[in-house]
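Visitor: Okay, sequence plus prediction incoming.
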Amino acid sequence: MSSQPVRTAASLPLNDAAVTTAAQASNGRRYLQLALLVIAAGAIYPILYLRQVYQPTMLEVFHITDSQLGYLYSSLGTIFLLSYLPSGWLADRIAPRLLICFSLIATGVLGLWYSTAPSFNTLMLIFGGWGLSTGLTFWAAVIKRVNMIAGPEEQGRFFGLLDGGRGLIEAMLATIAITLFAWITQTRGESVAVGFRMVVYLYAFLCIALGVLLALVKDPQAARDAASDASSADRARRGNVLSDLATLARIPELWLVAAIVFCGYQVFWATYSFSAYLHEGEVGLTVVMAGTITTLKLWMRPIGGIGGGFLGDRYSKVSVLVIALFLAALSLVGLMAAPRIASHVLLVFLVLFIGILTYAIRGLYWSLLDRCNIPSATMGLAIGLISVLGYSPDVFLPLINGYLTQTFPGVFGYQLYFGYVAAMAAAGGFAGLALGNMLKRKGVA
């Protein structure tokens, strides 16, 4: 009789150890899946937005004007806008891994076409194709996947790791690219067209290789996920998209999140013009120096995204987001005074600080989905709906930028543009305050 209690007592630590080991293995798989998503997101977008570092070079290589560059990015934004809702629909029906692999390979192939410096009309087709390969088949799949693998108390850090981690990948690639560009154009004495083509090759071949690699790597949870995806697809087929949209429209928190994304995303768009602004005559930095500062700003993304996510989980996601939006508004106003800032060190600090704030905002606003009481069966559709509204600046902001910089040449056009974005950042801060008050009243915050 005495042996029975001994066996039971001895078995308890073994059972606890087994449970702990299983939990650790599960966490390991979730973080592995997150790492794969981070790499994919970090590799696919930079080739679309090379203007962030190489805008003057792009104008020279493609023989286009500021306005035409604005049209290219406006067409990209229009495709994004039309793709977001179908993207959410696809994310509920097709395995995310397959969508991601297709997106990477298609984006890389279009990049090889882009490297030939084609005509403006062909550039419009390429940007439209990029809109489909990174919007329709990629975006909602990634966001929904992160939302699914993150626990209720991990939303901030997982989305922060997604944005900060992809930022680390982008910063590493951008550093390699600007070094390659400087070596080709300054050390070897080649034209900027040759240097830019090598940069495009770097990103295009990386996307293709990564897409093939992810197609070959099997998720250890693939079978279970396939069954889950099939079950979700069955439920989705039985559902009514219009009624689901009506249900989502009755969630006021969702509209406030959309407003925050709408305003916060415009702060991110402003950073695309930093390189061109710093290169203007009154600021007076060289193309390589302006590009180097902008590339350094990309290194702030891991700090802002990951740091903001962890702060949001530790304190309050809404509060951290509100503070970041208001500080971004003030910092953009400060950047408008760049021609009067004699110290390049102070100018670099201001650009890097805006970078930290920008990426903290991006790392946090999607984590708010967990507070909106959105039914899991319509999460993909909710992501699509918020994206349609929140990322609509993709359509009109390039046009505003192109109009202001061409109508008011030089520094003044950029100052008007940054002033507008600063006002939108402040509006996003007020939307965040409204959301925080609403959640407090409902006892959710």
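Guide: It's in.
Visitor: number of nearby residues for the closest residue to Gly413 other than its chain neighbours?
Guide: Nearest non-adjacent residue to Gly413, counting by Cβ to Cβ, 6 or more residues apart in numbering: Thr405, 4.0 Å away. All C-beta atoms are positioned from the backbone trio N, CA, C, and that covers glycine. Residues lying near Thr405 (other Cβ atoms under 10 Å) number 25.
Visitor: Does anything pack onto the host helix or strand of Thr405? Which helices or strands?
Guide: When elements are assigned from DSSP states H and E, Thr405 belongs to helix 393-407. On a contact count with 3 or more Cβ pairs under 8 Å, 6 or more residues apart in numbering; DSSP states H and E, helix 393-407 meets helix 66-91, helix 252-270, helix 411-442.
Visitor: avg pLDDT for it?
Guide: Mean per-residue pLDDT for helix 393-407: 85.
Visitor: mind listing what the residue most central in space within the chain touches?
Guide: In the chain, the residue lying closest to the centroid (Cα atoms, centre = their mean) is Asp163, at 6.0 Å. Taking Cβ atoms under 8 Å, 6 or more residues apart in numbering, we find Asp163 in contact with 301, 305, 309, 359, 362-363.
Visitor: Of those, which pair is most distant in space?
Guide: Pairwise distances across the contacts of Asp163 (Cβ to Cβ) peak at 11.8 Å, for the pair Arg301 and Gly309.
Visitor: Can you check which residues contact both of these two?
Guide: Common contact partners of Arg301 and Gly309 (Cβ under 8 Å, 6+ apart): 163-164.
Visitor: Check which helix or strand the residue nearest to the centre of the chain maps to.
Guide: In the assignment (DSSP H and E), Asp163 maps to helix 155-182.
Visitor: what's the distance between that helix and the middle of its chain?
Guide: Distance of helix 155-182 from the chain centroid (Cα atoms, centre = their mean, to the nearest Å) equals 10 Å.
Visitor: Can you point out the buried residues in that helix?
Guide: 155-171, 173-174, 177-178, 181-182 (16 or more other Cβ atoms under 10 Å).
Visitor: just stretch 392-408 next, same as before
Guide: Across stretch 392-408, burial judged by 16+ other Cβ under 10 Å covers 392-395, 397-398, 400-405.
Visitor: what do you get for stretch 266-286?
Guide: Buried positions in stretch 266-286, judged by neighbour count with 16+ other Cβ under 10 Å: 266-280, 283, 285.
Visitor: cool, stretch 310-324 as well?
Guide: Going by neighbour count (16+ other Cβ under 10 Å), the buried part of stretch 310-324 is 310-313, 316-318, 320-324.
Visitor: and if you look at stretch 330-350?
Guide: Residues 331-336, 338-339, 347-348, 350 are the ones in stretch 330-350 that count as buried (16+ other Cβ under 10 Å).
Visitor: ok, now stretch 132-151?
Guide: For stretch 132-151, by 16+ other Cβ under 10 Å, it's 132-147, 149-150.
Visitor: just to revisit the earlier point, adding mean pLDDT and distance to Arg30, write the helices and strands packed on helix 393-407 out as JSON lines.
Guide: Compiled in JSON lines, those are given as follows (pLDDT from 0 to 100; distance: least, Cβ to Cβ, whole Å):
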{"stretch": "helix 66-91", "mean pLDDT": "84", "distance to Arg30": "18"}
{"stretch": "helix 252-270", "mean pLDDT": "91", "distance to Arg30": "24"}
{"stretch": "helix 411-442", "mean pLDDT": "90", "distance to Arg30": "26"}
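Visitor: right, and these - which one's nearest Tyr203?
Guide: helix 66-91 (15.7 Å).
Visitor: so that closest one versus helix 411-442, what angle?
Guide: Angle, helix 66-91 to helix 411-442, by axes from the mean of the first three to the mean of the last three Cα atoms, to 10 degrees: 30 degrees.
Visitor: Point out the other elements, helices or strands, that the helix or strand following helix 66-91 touches.
Guide: Using DSSP H and E, the next helix or strand after helix 66-91 towards the C-terminus is helix 96-114. In this structure, helix 96-114 makes packing contacts with helix 3-44, helix 120-131, helix 140-149, helix 192-216, judged by 3+ Cβ pairs under 8 Å, 6+ apart.
Visitor: Contacts made by the third one with the rest, please.
Guide: Looking back up the chat, that one is helix 140-149. Residues outside helix 140-149 that contact it (Cβ under 8 Å, 6+ apart) are 30, 33-34, 37, 40-41, 84, 87-88, 90-92, 94, 96, 99-100, 155, 158-159, 162, 366, 369-370, 379-380, 383-384, 387.
Visitor: Rounded mean pLDDT for it, please.
Guide: On average, helix 140-149 scores 79.
Visitor: now it: how far from the chain's centre is it?
Guide: How far helix 140-149 lies from its chain's middle: 13 Å, per Cα atoms, centre = their mean.
Visitor: how about that helix as CSV, C-alpha atoms only?
Guide: Presented in CSV, the C-alpha positions along helix 140-149 are these (Å, rounded to 0.1, in the frame of the first residue of the first chain):
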residue,chain,number,x,y,z
ALA,A,140,-4.4,39.8,-45.0
ALA,A,141,-2.9,36.3,-44.9
VAL,A,142,0.1,37.6,-42.8
ILE,A,143,-2.0,39.8,-40.5
LYS,A,144,-4.5,37.1,-39.8
ARG,A,145,-1.8,34.5,-39.2
VAL,A,146,-0.1,36.6,-36.6
ASN,A,147,-3.4,37.3,-34.9
MET,A,148,-4.1,33.5,-34.7
ILE,A,149,-0.7,32.4,-33.4
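Visitor: Between helix 192-216 and the helix holding Asp163, find me the angle.
Guide: 140 degrees.
Visitor: Can you tell me what sits against the helix holding Thr405?
Guide: Helix 393-407 has contacts (Cβ under 8 Å, 6+ apart) with 65-74, 76-78, 80-81, 262, 265-266, 269, 273, 276, 413-414, 416-417, 420.
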